[in-house]
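Asker: predicted structure and sequence below. I'll ask about it afterward.
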Amino acid sequence: MSTETGTPRSPAGASRPQLRSITTEGWRRGIAPLLRKELGQWWGTRQWLVQAVTWLVLINGVVGMVMLTDPSEDPVTLFLLLGMLTTAIGVVVTTQGAIVGEKQRGTAAWLMSKPISRSSFLLSKLGGYATGFWALAVALPAAVYVVESLAITGSSPGVRPLLGALALWALHVLVYLALVLALGTLFRSRGPVAAVGVGTILAGQFFGGMVPLPVVTVLPWILPDLASAVAHGDAVPVSVPLVVAANLTTVVVATGVGIWRLTRQEL
């Protein structure tokens with residue numbers, strides 16, 4: 001775990017993060033140093049490089065090969081659908097231990113003994129992981145995809161439609177991230193967190209088309225197809241602002257459940 005000013009030892013002998021003085025109060029108490037710690041784990045270690053290479057291979061590598069071997073395939077749709085599916089799974093795999101791991105190591109209990117709020121503990125993880133995934137799993141592959149498309153096909157998607165699709169992709173990541181973090185507050189092992197997270201993604205892949213449209217509107221399952229339609233400038237069967245608002249509400253509810261659970265359990 002990366003630190004800001006050193007890595008002191010707890011009485012149990014485990015490494016603990018050194019926090020700075022807390023000046024904020026209420027639900028935001030301690031969020032600034034905790035957020036710096038979370039961002040440091042992404043950008044102060046080799047994790048950013050590992051993540052960048054992983055997503056470029058999984059997304060751009062596959063899309064580039066398809067563009068070279070099958071010109072009839074729609075590259076924009078492939079890029080968005082493949083990217084959104086793999087990043088959703090990547091969120092579950094990467095963050096399944098974000099809360100559970102800290103509870104098992106005793107780090108969460110140690111942090112909660114300091115003058116920080118439990119909402120800050122969860123929100124700092126949401127902000128840190130979201131920033132990392134948005135930059136390395138969404139923005140970077142999108143920039144490389146534009147270059148790939150120009151080099152292989154001689155054309156690229158329009159900037160505004162692509163940005164609109166990427167905004168939906170970023171929301172897709174945020175929904176699953178909030179879900180997994182909330183699950184981490186409900187369970188004490190990684191297994192159930194991963195099972196529910198991946199199960200939710202697969203349920204959308206296999207059964208999303210069977211769910212009535214008013215119901216699927218509030219779920220992230222509709223976002224990949226919606227992003228593809230936005231990127232092509234096609235008509236969409238639902239209101240995009242309504243879908244965005246509904247999924248943001250899902251993020252707020254999941255985060256609220258996580259905070260509520262943290263305030264009512266011994267870590």
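Answerer: It's in.

Asker: what's the spacing between the helix or strand where residue 82 lies and its chain's center?
Answerer: Using DSSP states H and E, residue 82 sits within helix 75-95. On the basis of Cα atoms, centre = their mean, to the nearest Å, helix 75-95 is displaced by 10 Å from the centre of the chain it belongs to.

Asker: which strands and helices sit next to the helix or strand harbouring residue 165?
Answerer: Assigned by DSSP H and E, residue 165 belongs to helix 159-186. In this structure, helix 159-186 packs against helix 75-95, helix 118-133, helix 140-153, helix 190-207, helix 223-232, helix 240-262, with contacts taken as 3 or more Cβ pairs under 8 Å, 6 or more residues apart in numbering; DSSP states H and E. No exception for glycine: its C-beta is placed from N, CA and C like everyone else's.

Asker: do that again at 6 Å, thanks
Answerer: On a contact count with 3 or more Cβ pairs under 6 Å, 6 or more residues apart in numbering; DSSP states H and E, helix 159-186 meets helix 75-95, helix 118-133, helix 190-207, helix 223-232, helix 240-262.

Asker: which one, of those helices, ends up nearest to residue 215?
Answerer: Nearest to residue 215, of all the helices and strands packed on helix 159-186, is helix 240-262, at 10.3 Å by Cβ to Cβ.

Asker: and the residue nearest to residue 42 when sequence neighbours are not counted, how many residues sit next to it?
Answerer: Leaving out its chain neighbours, the residue that sits closest to residue 42 by Cβ to Cβ, 6 or more residues apart in numbering is residue 132, at 4.0 Å. Residues contacting residue 132 under the criterion other Cβ atoms under 10 Å number 20.

Asker: with adjacent residues omitted, what lies nearest to residue 71?
Answerer: Counting by Cβ to Cβ, 6+ apart, residue 153 is the residue found nearest to residue 71 once chain neighbours are left out, at 7.7 Å.

Asker: and for stretch 111-127, what's in contact with it?
Answerer: 22, 27, 29-31, 34-35, 38, 98, 181, 258-259, 262-263, 267 (Cβ atoms under 6 Å, 6 or more residues apart in numbering).

Asker: 7 Å - rerun?
Answerer: Counting contacts by Cβ atoms under 7 Å, 6 or more residues apart in numbering, the residues outside stretch 111-127 that touch it are 19, 22, 27-31, 34-35, 38, 98, 177-178, 181, 255, 258-259, 262-263, 267.

Asker: swap in stretch 204-214?
Answerer: Counting by Cβ under 7 Å, 6+ apart, residues outside stretch 204-214 touching it are 216, 219, 221, 237, 238.

Asker: please list all residues in contact with the first one.
Answerer: Right, residue 216. Listed by Cβ under 7 Å, 6+ apart, the contact set of residue 216 reads 208, 222.

Asker: how far away is it from residue 225?
Answerer: Plainly put, residue 216 is 10 Å away from residue 225 if you go by Cβ to Cβ, to the nearest Å.

Asker: and if you look at the second one?
Answerer: Separation of residue 219 from residue 225 (Cβ to Cβ): 12 Å.

Asker: a helix runs through residue 115, doesn't it?
Answerer: No: for residue 115, which was evaluated using DSSP: H, G, I helix; E, B strand; the rest coil, the result is coil, with no helix membership.

Asker: where does pLDDT dip in the stretch 151-267 of the chain?
Answerer: Filtered on pLDDT under 70, the stretch 151-267 of the chain yields the residue ranges 266-267.

Asker: how does it look with 80?
Answerer: Applying pLDDT under 80 to the stretch 151-267 of the chain picks out residues 213-214, 265-267.

Asker: next one: the following helix or strand past the helix holding residue 82 to chain centre, how far?
Answerer: Next helix or strand after helix 75-95 toward the C-terminus (DSSP H and E): helix 100-105. In terms of Cα atoms, centre = their mean, the centre of helix 100-105 is set 20 Å apart from its chain centre.
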